[in-house]
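# Pasted the sequence and its predicted model underneath.
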Amino acid sequence: MPNGTLANLRRKPQFEFFLLILAVLLVRTAAVVGCTECYQEDIDSYGILATNWAQSGTFGFMESDTLEARPTAFRPPLYPWLLSCLVRHGQISSSALACLHILLGLVTVTLTWAIGKRVLAKRPMLAALAVTVDPLLLRNSQLVMTETLATCLSVLVWWMWLVHLDRSASVPVCNSAINCQRENKCGLHHGISALLAIRQYGFLVLLGVLVGLSILTRPTAAPWALTLVCLVWFFSNQCVFRRTSSALSVMLGILICVVPWTLRNYALLGKPIWATSHGGYTLLLANNPYLYSHFSTSGPSRGWDAQPFHNRWLLRGEAVRHGIDVTQPEFWAPSDPIPSSTGRTGQSPTYLPEIEDDALAYSVAKATIQRTPMMFLISSIYRAGWFWAWWPYHDSFSLSACIIGMWYGGWSCLALVGLVAVIRSRQFKYWAPPLLLALVLTAAHSIYWSNMRMRSQLMTGVYLLAVFGANATIQSRTKTN
């Protein structure tokens, strides 16, 4: 093949896309195959819930005495439901789970490339390749956790948002905000315009469904969902009627996903839980006397040993039965003995009804915060730092942690440059979904438990922002020279 023909082939988007697909398949397959034993670990009980769901038809934990599934809302349902489809002979197929994570990673990377073609003037392939080899995303693909699915959904929502912006530009604009319906001046009342509008509303409902699925994967997406509804209202047609109906269409899609889960929990658990019954524990893990003591002596160090906290929290059931107020500091004093008795054990060591246990955790966390409000403010800053940390924590020096820190440090600095460039270019509406998600997740995890893993959903936006910043810097220097 002549050199000129080969050069033209390399410039074709199809060839670039083929190379990207090949890179994703090779890298993600190598990641999951190289750590097959990781799927045997089930730290957050998603595998147990999925297996029970497949075998009993109930989303819950098995009772040790009756061997029947007890309904639960301890975890969000979407990821366990997907895993339940992979159960074979009483356990999740590791090969099927690996294929699922590879597929989700493939969708994530290709959508990153597609978004890059839309929001970047140059080098969208660079951002897509960075997502392909991202350490956090690779590690998440080896674990039975929700991050891989949540990341895929978040980038899909962003892509759908960009498609919505393009589609809304093709719908006739109504400048009559008040007399739209009364005087029949709005294009919505004409045949072709009506069809376009109906199709647009259907698309927005689908966008809302994807946002709702994000909530059912990780409930921290709920505030993000509200911001997206507001975005649709602000950046839709000039007509107030269309703005409102567009925003309501997205809200309808969200409710289609969240309402059935809420009603199910009300019917089976007696409380309309829209998220999970795990929020109290997550808040308490981030706001308990042991962690506050660590912060007061060691500052923002991530070297906190959580085992004493876990050991003490296991005694809450017995403490409640003996009339001890677990919200008071006396309960958390290691020297204070707790009367013990034989209690039943299960998957989750609560010894209390699920809803009551969640409420108790919220009460203890709130009491801890109210006693030491200044420490809560300081710890919120520390937790935000944990969320955006550049390297994983190790007790001693680690070369891998050093390399990861350099990787994230460089990309994060470029992303900040890109953020400034986005603000200057007035292109916020194209970047709004990931920027608002970053704001929401940072705020949520500055209050609730936080670590590096929980920012996985943001990495596609970070890399695209970084490339945007690099492009802007190169362009600025070129003009200067």
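That came in fine, so what should we check first?
# where along this structure do the strands fall?
60-62, 69-71, 87-88, 91-92 (DSSP state E).
# Grab the longest helix from this protein for me.
helix 240-269 (DSSP state H).
# Show me which positions of that one end up buried.
For helix 240-269, the neighbour count (16 or more other Cβ atoms under 10 Å) marks 241-243, 245-251, 253-254, 257-258, 261-262, 264-265, 268-269 as buried. C-betas here are computed from N, CA, C, even on glycine.
# And for stretch 352-359?
Here stretch 352-359 shows L352, E354, I355, D357, D358 as buried, counting by 16+ other Cβ under 10 Å.
# Remind me what the longest helix of the chain packs against, helices and strands.
Helix 240-269 makes packing contacts with helix 191-217, helix 221-235 when contacts are defined by 3 or more Cβ pairs under 8 Å, 6 or more residues apart in numbering; DSSP states H and E.
# can you redo these as JSON lines with mean pLDDT, mean neighbour count and distance to G410?
Below are the helices and strands packed on helix 240-269 laid out as JSON lines (pLDDT from 0 to 100; neighbours: other Cβ atoms under 10 Å; distance: least, Cβ to Cβ, whole Å):
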{"stretch": "helix 191-217", "mean pLDDT": "85", "mean neighbour count": "19", "distance to G410": "29"}
{"stretch": "helix 221-235", "mean pLDDT": "93", "mean neighbour count": "19", "distance to G410": "27"}
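# My guess is H278 contacts D357. True?
No. Using Cβ atoms under 8 Å, H278 is not in contact with D357; the gap is 9.8 Å.
# Quick check: R316 vs W332, distance?
From R316 across to W332, the span is 11 Å (Cβ to Cβ, to the nearest Å).
# same deal with V422?
With Cβ to Cβ as the criterion, V422 and W332 are 46 Å apart.
# all helices of the stretch 251-400 of the chain, in order?
Counting by DSSP state H, counting those that start in this stretch, the stretch 251-400 of the chain has helices at residues 279-286, 289-298, 307-313, 316-321, 354-371, 373-387, 399-425.
# Packed most tightly, which of those would that be?
helix 279-286 (a mean of 21; mean count of other Cβ atoms under 10 Å).
# which residues of the stretch 251-400 of the chain score low on pLDDT?
334-351 (pLDDT under 70).
# Once you drop chain neighbours, what's closest to L252?
Once flanking residues are discounted, L252 sits nearest to V205: 5.6 Å by Cβ to Cβ, 6 or more residues apart in numbering.
# With distance to H310 as extra columns, can I get the helices and strands packed on helix 240-269 in TSV?
Below are the helices and strands packed on helix 240-269 laid out as TSV (distance: least, Cβ to Cβ, whole Å):
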stretch	distance to H310
helix 191-217	26
helix 221-235	27
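# Out of these, flag the one nearest S296.
helix 221-235 (29.8 Å; Cβ to Cβ).
# May I have the closest one exported as PDB, CA atoms only?
What follows is helix 221-235, C-alpha atoms only, in PDB (Å, rounded to 0.1, in the frame of the first residue of the first chain):
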ATOM      1  CA  ALA A 221     -26.700  10.800  41.700                       C
ATOM      2  CA  ALA A 222     -30.000  12.100  43.100                       C
ATOM      3  CA  PRO A 223     -28.800  15.700  43.600                       C
ATOM      4  CA  TRP A 224     -27.200  15.500  40.100                       C
ATOM      5  CA  ALA A 225     -30.600  14.500  38.700                       C
ATOM      6  CA  LEU A 226     -32.200  17.600  40.100                       C
ATOM      7  CA  THR A 227     -29.500  19.800  38.600                       C
ATOM      8  CA  LEU A 228     -30.000  18.100  35.200                       C
ATOM      9  CA  VAL A 229     -33.700  18.900  35.300                       C
ATOM     10  CA  CYS A 230     -32.900  22.500  35.900                       C
ATOM     11  CA  LEU A 231     -30.400  22.500  33.100                       C
ATOM     12  CA  VAL A 232     -33.000  21.200  30.600                       C
ATOM     13  CA  TRP A 233     -35.300  24.000  31.700                       C
ATOM     14  CA  PHE A 234     -32.600  26.700  31.300                       C
ATOM     15  CA  PHE A 235     -31.100  25.600  28.000                       C
END
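# tell me the angle of it relative to helix 240-269?
In terms of direction (axes from the mean of the first three to the mean of the last three Cα atoms, to 10 degrees), helix 221-235 departs from helix 240-269 by 170 degrees.
# Good, wrapping up.
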